[in-house]
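Enquirer: Predicted model follows, preceded by the sequence.
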Amino acid sequence: MNRTDTLHAEWLNCFSRLHQGEFFRMLGAGLLKLEHYKAFLRETYHNASHNPKKMALFMAHLDSDQPSLEAKFLRHAAMEIGHGELALEDLRIIGGDADTARNSRPLPTTEALTAFIVFQIQHRNPLAYLGYLYHLEAMPAHMGASSMAPLLSMGVPASATSFLREHAEADPVHVKWNREYLEGFIGSDEDMEAVLYGMRGTCELHGIMFQGIMDQCRGPQEWIAMPAAEKTAP
């Protein structure tokens with residue numbers, strides 16, 4: 001298999017594990033609530049708003065002799081600017097406080113996803129970033145519109161799915177670009193292993209981010225529902 005086929009086959013295995021997590025099981029069963037989607041949009045904003053900067057960081061550490069491909073990658077990075085705002089606008093439409101979300105801290109599980117690939121770029125092999133990018137853009141392309149129906153059935157208006165729709169439509173093209181990056185930037189088996197490691201780690205941590213969303217939504221609800229005496233008990 002070529003590099004892309006190798007990466008995609010491994011990604012399918014990793015994605016299967018992510019897709020079996022609580023968030024996606026409840027989504028498929030129609031059991032998610034609006035609060036889960038609001039939390040998803042908040043955490044997605046925090047991660048997506050950093051993506052153009054991470055792409056620039058990757059370029060700053062990349063040792064490449066492919067100027068035309070580097071130019072394409074930088075155009076790609078520019079296209080990602082502002083995507084986090086789509087998530088905030090979706091949040092506004094469903095009654096969430098976008099300003100509070102913007103000024104909030106991400107969950108530690110979201111921060112771990114972001115920090116993982118920054119560490120790989122700066123301290124390991126920057127080409128691990130291509131594995132991170134592949135996962136984030138293969139996932140919407142793979143799922144397509146299949147995630148929309150459960151959201152609509154739980155009362156999310158179509159106008160509040162702009163972030164998901166944008167990526168479902170654009171990311172199939174970006175996956176093709178990723179194939180070019182893999183063929184143009186990877187120069188050794190060691191580089192390819194770094195890409196695979198970046199993809200595996202990203203997929204695993206993305207699943208943990210989704211679980212963090214579930215746990216965060218569950219925790220405050222249980223706390224509010226506790227009797228006052230239990231709240232003040234040592």
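Expert: Sure thing, it's come through. No experiment lies behind these values; they were computed from the predicted model shown. Numbers count the residues shown, from 1 in each chain.
Enquirer: Next up, the contacts around Ile121.
Expert: For Ile121, the contact set (CB atoms under 8 Å, 6 or more residues apart in numbering) comprises Lys54, Leu57, Phe58, His61, Ala128, Tyr129. Any C-beta I mention is one placed from the backbone N, CA and C, and that applies to glycine too.
Enquirer: Show me what stretch 107-117 is in contact with.
Expert: The contact list for stretch 107-117, computed with CB under 8 Å, 6+ apart, reads 43, 46-47, 50, 54, 105-106, 128-129, 132, 198, 201-202, 205-206, 208-209, 211-213, 216.
Enquirer: Would you map the strands across the protein?
Expert: Counting by DSSP state E, the chain has no strands at all.
Enquirer: Show me the shaky parts of this protein.
Expert: Within the chain, the ranges that satisfy pLDDT under 70 run 1, 144-146, 169-172, 220-234.
Enquirer: quick one, helices of it?
Expert: Using DSSP state H, the helices found in the chain span residues 3-19, 22-28, 34-48, 51-61, 67-80, 83-93, 98-103, 108-123, 128-143, 148-153, 162-185, 189-225, 228-232.
Enquirer: of the contacts of Ile121, closest to His142?
Expert: Of all the contacts of Ile121, Tyr129 has the smallest distance to His142: 19.8 Å, by CB to CB.
Enquirer: Pretty sure the closest one sits against Val118.
Expert: No: applying CB atoms under 8 Å as the test, Tyr129 and Val118 come out as separate, 9.1 Å apart.
Enquirer: who has more neighbours, those two?
Expert: Taking other CB atoms under 10 Å, Tyr129 and Val118 do not tie; Tyr129 has more neighbours (26 against 16).
Enquirer: Against Ser153, how distant is Phe163?
Expert: Relative to Ser153, Phe163 is positioned 18 Å away (criterion: CB to CB, to the nearest Å).
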